[in-house]
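**Student:** Need a 3D model of the following:
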Amino acid sequence: MAAPVFIGDEVTAIGFRLAGARVRTPLREELASVVAWAQRNSLLILITAEYIAMLDAELQQQLLGQQQPPVAVVPDIRAKIPVHDLATHLRSQLGVLE
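**Tutor:** The predicted structure is shown next:
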């Protein structure tokens, strides 16, 4: 089974590497090609909010909307860009926010 791929900053990558993920910490100009590589070579893509924000809007939508491999946006260790709480968002949309 292919290991998950983590795409993000070097500091956050340390923990994911220890957990068994293949990590990539690309420069901005390399990011799109690293994402394409991850789509071909992984069953799960983990990408920090900071790195997904570096992608153009079209690639962001394509990446987040794909079924395989699934993509999870994770916070980076510095929390520069907040990750939205999906559960709270869904409860709000359904009108059952506590």
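
**Student:** does the residue nearest to I7 when sequence neighbours are not counted have beta-bridge partners, and which?
**Tutor:** Take I7 and drop its neighbours on the chain: the residue closest to it by C-beta to C-beta, 6 or more residues apart in numbering is I47, 4.4 Å away. Where you see a C-beta, it was placed from the backbone N, CA and C, and this is true even at glycine. Judged by DSSP bridges, the bridge partners of I47 are I7, V73.

**Student:** so how many other residues sit close to A13?
**Tutor:** A13 sits with 21 neighbouring residues when counted by other C-beta atoms under 10 Å.

**Student:** With A21 instead?
**Tutor:** 19.

**Student:** How much space separates it from A57?
**Tutor:** Relative to A57, A21 is positioned 26 Å away (C-beta to C-beta, to the nearest Å).

**Student:** what does R40 give?
**Tutor:** Distance from R40 to A57, by C-beta to C-beta: 22 Å.

**Student:** With V73 instead?
**Tutor:** Relative to A57, and taking C-beta to C-beta, V73 is found at 15 Å.

**Student:** give me the low-pLDDT residue ranges for this protein?
**Tutor:** Flagging of the chain using pLDDT under 70 yields the residue ranges 1, 79-95, 97-98.

**Student:** in it, which spans are helices?
**Tutor:** 10-18, 31-41, 49-54, 57-65, 86-94 (DSSP state H).
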